[in-house]
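I'll drop the sequence and a predicted model, then ask my questions.
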Amino acid sequence: MSIPALLAKIQPAWKKRLGYALAHGASVRVDFNEQLERFYEMLAQALASGDPGWLDPVIYDWVSASTQSDLQEGQKNITALLNQMFSLTYDVARETLNESEALDLVGALIPVFTYALERAARYESDTRVAFVTNELAEAQSKLERLERSKSRFIGVAAHELKTPLTLIDGYVSMLRDLLAEHNDQIEILFQGIATGIRRLRTIVEDMIDVSLIDNNLLALHLQPMWLGQLFTLLEGEFGPIAASRHQTLEVRRFDGSETMIFGDPERLYQAFRNVVSNAIKYTPDGGRITIDGRLLPGFIETTVTDTGIGISPEDQEAIFEKFGQLGDLNVHSSSKTKFKGGGPGLGLPIARGIIEAHGGTIWVESEGHDEVRCPGSTFHILLPVRTELPDSRLEKLFGAESRQET
């Protein structure tokens, strides 16, 4: 008896066995029996022609019909179904045919089902990859929308805070003038208010800068400048602060510090100021902060090295994310220079935004965090050596015009 004839002989028992074994529920069984009939017809064609490719449309449709829940759970799959179908077909053949006929039919079915399993595995793999890719794209899109919303909120909130802050500052100044004969105790209160206003103004301005950086709206006013001049200003500002904590702030001169470049000195000073302030803050009293660097082909590398408590490898990228906070927030204290003094977590993100707007990059190296051993940290700031103003047409071509002069 031919192979197609053997398959036809087991068809009634085969359909009954597979229908009850693989489909659960009357309504599901009706739909499944229709698909089973289609599979049988294609299987018969494959055996008659010797071409297992007849099964391709059925397998592809079954894989394509997988629901989102099936793909998410990763449990139901067509490969497993085909394995069950072959196992049940083998049982039906043994029960319906004699031993010789069963061996002949199963021997003919093995390469066909092997082909079907390979095809199903490939289709399912492609489908799952496409599903996961789509899920990742949707998640990325949601994150980007959330980030844009956060950035807009930061910008709006900062501008809304700036106006009442200016009013408070003005009224305090007028009140101070009205109380010209006030005593020392009132003067202390005025100084406290003024300090709070300055601190709040700094936070508001940082929030505005973060919003500008996030939206690629940070304006740079490029002009000839020398990093060495910025370092001198940093030494003048932070030298007394470091001395008050018995720290040593050393500014070394190197070839790159005396090289003329085009940059925004005010913004670059802000970036270096944030990095140095961070180094002082996380270095214990009696420690050392060193500003050094070197001239590289096409770049100036500046390093800010401290003998502080260090940064864990897993946190070395997080510190450049806005509002990134390390340590216990329950013991948070707001200060720019006190040991482990906290803040809103905007200084280093702003520094990175300014450096990257100049075409540079910033990163940190540290053996890890240890408040006893104090392994220290080294911040690397790499800036391109620009000896002339960028061509505005090229800037526009590469989408950087909004970050340059307006």
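Yes, it's here. Numbers count the residues shown, from 1 in each chain.

in this structure, which spans are helices?
In the chain, the helices defined using DSSP state H lie at 3-22, 26-49, 56-64, 68-73, 78-96, 99-178, 184-214, 227-244, 265-281, 347-357, 392-397.

hey, least reliable of these by pLDDT?
Out of the helices of the chain, helix 392-397 stands lowest, with a mean of 47 (criterion: mean pLDDT).

and for Gly50, the neighbour number?
11 (other CB atoms under 10 Å). C-beta coordinates here come from the backbone N, C-alpha and C atoms, glycine included.

please report how far it lies from Arg176.
Per CB to CB, to the nearest Å, Gly50 is found 100 Å from Arg176.

do the same with Ala158
For Ala158, the distance to Arg176 (CB to CB) stands at 26 Å.

the more surrounded of the two?
It is Ala158, of Ala158 and Arg176, that has more neighbours when counted by other CB under 10 Å, with 19 against 15.

which residues touch that one?
Neighbour list for Ala158: Val204, Glu205, Met207, Ile208, Ser211 [criterion: CB atoms under 8 Å, 6 or more residues apart in numbering].

grab the nearest non-local neighbour of it.
Nearest residue to Ala158 in three dimensions, chain neighbours excluded: Met207, at 3.7 Å (CB to CB, 6 or more residues apart in numbering).

which residues touch that neighbour?
Met207 makes contact with Ile154, Gly155, Ala157, Ala158, Leu161, Pro344, Leu346, according to CB under 8 Å, 6+ apart.

can I get the buried part of those as one PyMOL selection?
Here is the PyMOL command that selects only those of these that count as buried (16 or more other CB atoms under 10 Å):
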select buried, resi 154+155+158+161+344+346
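
reformat the contacts of Met207 as a markdown table; add distance to Gln247.
Formatted as a markdown table, the contacts of Met207 follow (distance: CB to CB, whole Å):
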| residue | distance to Gln247 |
| --- | --- |
| Ile154 | 33 |
| Gly155 | 36 |
| Ala157 | 35 |
| Ala158 | 32 |
| Leu161 | 33 |
| Pro344 | 24 |
| Leu346 | 23 |
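
wait, which of the contacts of Met207 is closest to Asn83?
Ile154 (55.1 Å; CB to CB).

ok, now which ones touch that closest one?
Counted by CB under 8 Å, 6+ apart, Ile154 has contacts Met207, Val210, Ser211, Asp214.

same thing with Ile311?
Ile311 neighbours (CB under 8 Å, 6+ apart): Ile319, Leu326, Val364, Ser366, Gly368, His369, Ser377.

hmm, which two among those are most spread apart?
The span of these, defined through CB to CB, is set by Ile319 and Gly368 at 13.6 Å.

what's around the closest residue to Gly298 other than its chain neighbours, how many residues?
Nearest in space to Gly298, with sequence neighbours left out and distances taken as CB to CB, 6+ apart, is Val385 at 5.7 Å. For Val385, the tally of surrounding residues (other CB under 10 Å) stands at 15.
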